[in-house]
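Colleague: Sharing a sequence plus its predicted fold:
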Amino acid sequence: MDKAELISKLKRIDEDIFFSGVLQEGQRVGIIIVGAGALLLSNLSSKGATKDVDVLRAEDSVKPFLLHDADFNSQCAAYEACLPYNFEDRIKRIDLNTYALDIYVRRLKTWQ
């Protein structure tokens, strides 16, 4: 899938979560995406496509909605073992104008 398709899928999941009634009014939930999907969302992908979306972390209320799409993979625990202990301090939110879903990717440090 390319970036446009990935964004479309994320927005559909966001709408499903929002309109399902599982969240309190104004409540937001988050996911952390890694791998090629994160590179696509950060405009850093040299291929411009990914086979699946690796979800490193997702709040429990989000997981059932992710499982409805076979392109979302939450089996990347080994990836987390390779991250520094404070990697949560190095993530950034991707703004897609969503209703309830906050999407985060790992911020890549640039060296000058």
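Modeller: All right, it came through fine.
Colleague: Not counting its own residues, what contacts the lowest-mean-pLDDT helix or strand in the chain?
Modeller: Within the chain, judged by mean pLDDT, DSSP states H and E, the helix or strand with the poorest mean is helix 77-81; its value is a mean of 80. Residues from elsewhere that reach helix 77-81 (CB atoms under 8 Å, 6 or more residues apart in numbering): Val34, Gly35, Asp54, Leu56, Arg57. No exception for glycine: its C-beta is placed from N, CA and C like everyone else's.
Colleague: Please pull up the helix or strand immediately following it.
Modeller: Following the chain from helix 77-81 toward its C-terminal end, the next helix or strand by DSSP states H and E is strand 91-94.
Colleague: so what strands line up beside that next one?
Modeller: Each strand that strand 91-94 pairs with, and the sense of that pairing, follows from DSSP bridges: strand 101-106 (antiparallel).
Colleague: And the contacts of the strand it pairs with?
Modeller: With CB under 8 Å, 6+ apart as the test, strand 101-106 has contacts from 10, 13-14, 17-18, 28-34, 38, 41-42, 62, 83, 87, 90-94, 96.
Colleague: SS state for the residue minimising distance to the centre of the chain?
Modeller: By CA atoms, centre = their mean, the chain has its centre lying nearest to Ile33, at 3.5 Å. Of the three states, Ile33 takes strand under DSSP: H, G, I helix; E, B strand; the rest coil.
Colleague: Report whether the expected contact of it with Asp52 is present.
Modeller: No. In this structure, Ile33 sits apart from Asp52 without contact. The criterion is CB atoms under 8 Å, and the distance is 10.7 Å.
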